[in-house]
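J.: Quick one, fold the following:
(chains A, B, C and D)
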Number of protein chains: 2
Amino acid sequence: MASSRRTRSESIAAELRDDILRGQYRPGERLPSERDLAARHATSRGTVREAVKRLEQLGLADIQPGGTRATPVHACSLDVLGPLLALEPVPNPALVDQILEVLGILMRFAAEVAVADGTAEKLAETRRSIVRLRTSAGSSDTGESIAGLFRALADAGDHLVLQLILNGLREQAREHVRKTCDPGSIDPVELRRIALDLDAAIERRRPAVAGAAIERLFDVLRRHAAGRQDKAGIRRRIAS
Amino acid sequence: MASSRRTRSESIAAELRDDILRGQYRPGERLPSERDLAARHATSRGTVREAVKRLEQLGLADIQPGGTRATPVHACSLDVLGPLLALEPVPNPALVDQILEVLGILMRFAAEVAVADGTAEKLAETRRSIVRLRTSAGSSDTGESIAGLFRALADAGDHLVLQLILNGLREQAREHVRKTCDPGSIDPVELRRIALDLDAAIERRRPAVAGAAIERLFDVLRRHAAGRQDKAGIRRRIAS
DNA sequence: TATGATATTTGGTCTGACCAATTTGGTAGG
DNA sequence: CCTACCAAATTGGTCAGACCAAATATCATA
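T.: Below you'll find the model as predicted:
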């Protein structure tokens, strides 16, 4: 229900976006004019215009009469994360870990909110997703199951702000995180243990316990994504 | 360096956006066609087209040949938060609290990262912003000082993912949160105490202590935003 | 050299048109 | 009566060329 085939203006937008992300235009530097771009891409100005507009909404360009200018990356929208990861054939491991780090914090909170405030119905759905995770642990469906659990947790809490952020993060990260860490090869035993703990926490309505389970899950995910090497280096960087 | 005057397509986009957020179009329902909208607004199809495109990028509309359809709010981008708050003359207090809740979690993490990994230079800048906060506590500049502190902390950590999320959240929330809680009337004594603790934590490089200080800061902010009534009801909803 | 007027460039919008995909409505067949 | 299928109307995607206002660049003048 999401995307259709790639449109012309989308292609141009993607190309320009990657150019900016690659640093081809320094912040403040002027981009080619719409007319210029139209000529280069052998297309109409209207089409180019839509592409440039898209850049502006990503926070990558500041478009004004007299000239459109590039914008520093650190001031952009979350929506540049996906393209940024896709820039290199193998996603930047440091970035992937940052994503898992923040996602872990937010999902932990989501779990706490869900268990504390969730309706019985929503929590039942969450527990069903936990069952699916337990049965699929070790298989190629593991990634899908984990994603399903996350969605259920985010949905159960009725916390709109949290949902919106998680939407964006998921949309940007999903595919690329999978590229770095094949969830199917996560230790199934560990996964099932976490799933059981989480399920028990939900059943007995223990938000803190549920949050701790999610935290452990992300420890596993991050360690797994980082590969066998330097497991220790990635661990929680602060001893709270 | 941000916005110029309001463009016609932006006006139309804003109107459509608010219509959808107000629930005028149920999810899945078809929006008027571009030609129809152009006629209604006495404008050209190209202009309307840019507006509708904007909606799609907000995640509010799914635009496809045959018809553009509305999308459920909970599946949108974070960028709808601002408009959602602006829908009512007085921002929804529950939403504002949700924002402060999530912002608190993220800023706590940002502080921990900053203190753990920040360069001496960046941390010095952060401490300068703390000084500004202490001197402005109780004045009308308090809000600006707090925002400055947040920006410095987010900047010191060199955590891109966190920065991007905080960008979006700040962009959406800034103005509206201020409407709900006048920062100038926050207890200056409490504020200065937190500032001192935070400063000491930075100086001695104690991430956990810095995080705790930020957490206390947000306790104050949330209690203040919620108004004098039901201080207790708003408090941290989970006992971790 | 500094400054102010002028010419050029650039984005914002309009008009009207064509194509391709979808939706819709009706029709023939079960 | 319902279903499967086909044709017409609708809708989005793109193109072309044009005009205006704001910003920039250029150059003559003080």
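J.: going forward, measure contacts between C-alpha atoms and count neighbours the same way
T.: Noted.
J.: how about the closest residue to DNA strand D within chain A, what does it touch?
T.: Here the residue of chain A nearest DNA strand D is A:Arg8; by CA to the nearest atom of the strand that distance is 2.9 Å. Contacts for A:Arg8 were tallied using CA atoms under 8 Å, 6 or more residues apart in numbering or on different chains; they are A:Thr47.
J.: quick one: average confidence on the helix or strand containing A:Glu125?
T.: A:Glu125 belongs to helix A:120-136 when elements are defined using DSSP states H and E. Mean pLDDT, computed over helix A:120-136, is 96.
J.: Which other helices and strands does that helix contact?
T.: helix A:142-156, helix A:188-203 (3 or more CA pairs under 8 Å, 6 or more residues apart in numbering or on different chains; DSSP states H and E).
J.: hey, which of these is tucked in deepest?
T.: Among those, helix A:142-156 has the highest mean neighbour count (mean count of other CA atoms under 10 Å in any protein chain shown), at a mean of 22.
J.: which residues touch that one?
T.: Contacts for helix A:142-156 (CA under 8 Å, 6+ apart): A:107, A:110-111, A:114, A:118-119, A:122-123, A:125-126, A:129-130, A:132-133, A:136, A:162-163, A:166, A:178, A:182-184.
J.: Drop anything exposed from those.
T.: A:107, A:110-111, A:114, A:118, A:122-123, A:125-126, A:129-130, A:132-133, A:136, A:162-163, A:166, A:183-184 (16 or more other CA atoms under 10 Å in any protein chain shown).
J.: ok, back up a step: Throw the helices and strands packed on helix A:120-136 into JSON lines and include mean pLDDT and distance to B:Ala147, thanks.
T.: Output for the helices and strands packed on helix A:120-136, formatted as JSON lines (pLDDT from 0 to 100; distance: least, CA to CA, whole Å):
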{"stretch": "helix A:142-156", "mean pLDDT": "95", "distance to B:Ala147": "28"}
{"stretch": "helix A:188-203", "mean pLDDT": "96", "distance to B:Ala147": "37"}
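J.: Adding distance to DNA strand C, write the ones you listed out as CSV.
T.: Output for the helices and strands packed on helix A:120-136, formatted as CSV (distance: least, CA to the nearest atom of the strand, whole Å):
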stretch, distance to DNA strand C
helix A:142-156, 26
helix A:188-203, 40
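J.: Nearest to B:Thr71, out of the ones you listed?
T.: helix A:142-156 (16.2 Å; CA to CA).
J.: quick check, distance from the closest one to the centre of its chain.
T.: Offset of helix A:142-156 from its chain centre (CA atoms, centre = their mean, to the nearest Å): 13 Å.
J.: Any part of the next helix or strand after it near chain B?
T.: Next along the chain after helix A:142-156, taking DSSP H and E as the criterion, comes helix A:160-180. Yes. With CA under 8 Å from any CA of the partner chain as the criterion, chain B is reached by helix A:160-180 at A:Leu160, A:Val161, A:Leu162, A:Gln163, A:Leu164, A:Ile165, A:Asn167, A:Gly168.
J.: ok, those vs DNA strand C, which is closest?
T.: A:Asn167 (24.4 Å).
J.: For A:Thr68, grab phi and psi.
T.: Backbone torsions for A:Thr68, taken as degrees, to the nearest 10, come to phi -100, psi 140.
J.: Show me what it is bridged to.
T.: A:Ile63 (DSSP bridges).
J.: ok so, going back, just want the angle from the helix holding A:Glu125 to helix A:142-156.
T.: Counting by axes from the mean of the first three to the mean of the last three CA atoms, to 10 degrees, helix A:120-136 lies at 170 degrees to helix A:142-156.
J.: ok and helix A:120-136 relative to helix A:188-203, angle-wise?
T.: 170 degrees.
J.: how about the CA coordinates for helix A:120-136, as PDB?
T.: Output in PDB follows, covering the C-alpha atoms of helix A:120-136 (Å, rounded to 0.1, in the frame of the first residue of the first chain):
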ATOM      1  CA  ALA A 120      -6.200  -5.800  27.000                       C
ATOM      2  CA  GLU A 121      -7.000  -6.200  23.300                       C
ATOM      3  CA  LYS A 122      -3.900  -4.500  22.100                       C
ATOM      4  CA  LEU A 123      -1.700  -6.400  24.600                       C
ATOM      5  CA  ALA A 124      -3.200  -9.700  23.500                       C
ATOM      6  CA  GLU A 125      -2.200  -8.800  19.900                       C
ATOM      7  CA  THR A 126       1.300  -8.000  21.200                       C
ATOM      8  CA  ARG A 127       1.500 -11.400  22.900                       C
ATOM      9  CA  ARG A 128       0.500 -13.100  19.600                       C
ATOM     10  CA  SER A 129       3.400 -11.400  17.900                       C
ATOM     11  CA  ILE A 130       5.600 -12.700  20.700                       C
ATOM     12  CA  VAL A 131       4.400 -16.200  20.000                       C
ATOM     13  CA  ARG A 132       5.300 -15.700  16.300                       C
ATOM     14  CA  LEU A 133       8.700 -14.500  17.300                       C
ATOM     15  CA  ARG A 134       9.300 -17.600  19.500                       C
ATOM     16  CA  THR A 135       8.300 -20.000  16.800                       C
ATOM     17  CA  SER A 136      10.200 -18.200  14.000                       C
END
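J.: So what touches it?
T.: A:114-115, A:142, A:145-146, A:148-149, A:152-153, A:155-156, A:191-192, A:195, A:199, A:202.
J.: Likewise for stretch A:84-101?
T.: So stretch A:84-101 is contacted by A:18, A:21-22, A:169, A:173, A:176-177, A:179-180, A:218, A:221-222, A:225-226, B:159-162 (CA under 8 Å, 6+ apart).
J.: ends of that stretch, how far apart?
T.: 17 Å (CA to CA, to the nearest Å).
J.: Would you pull up how far it lies from the middle of the chain?
T.: On CA atoms, centre = their mean, the centre of stretch A:84-101 falls 10 Å from the chain's centre.
J.: how many neighbours does A:Ser44 have?
T.: When neighbours are counted by other CA atoms under 10 Å in any protein chain shown, A:Ser44 registers 14.
J.: How about A:Pro72?
T.: 16.
J.: Also A:Ala94?
T.: 12.
J.: Looks to me like it is in a strand.
T.: No. Per DSSP: H, G, I helix; E, B strand; the rest coil, A:Ala94 lies outside any strand segment and is helix.
J.: now that we're looking at it, how far away is B:His159 from it?
T.: 10 Å.
J.: about what we covered before: go through the helices and strands packed on helix A:120-136 and name the closest to B:Ala39.
T.: helix A:142-156 (39.3 Å).
J.: Next, the angle from the closest one to helix A:160-180.
T.: 170 degrees.
J.: need the contact list for the closest residue to A:Ser44 other than its chain neighbours.
T.: Distances taken as CA to CA, 6 or more residues apart in numbering or on different chains place A:Ala38 nearest to A:Ser44, at 5.4 Å, with adjacent residues excluded. Listed by CA under 8 Å, 6+ apart, the contact partners of A:Ala38 are A:Ser44, A:Arg45, A:Thr47, A:Val48.
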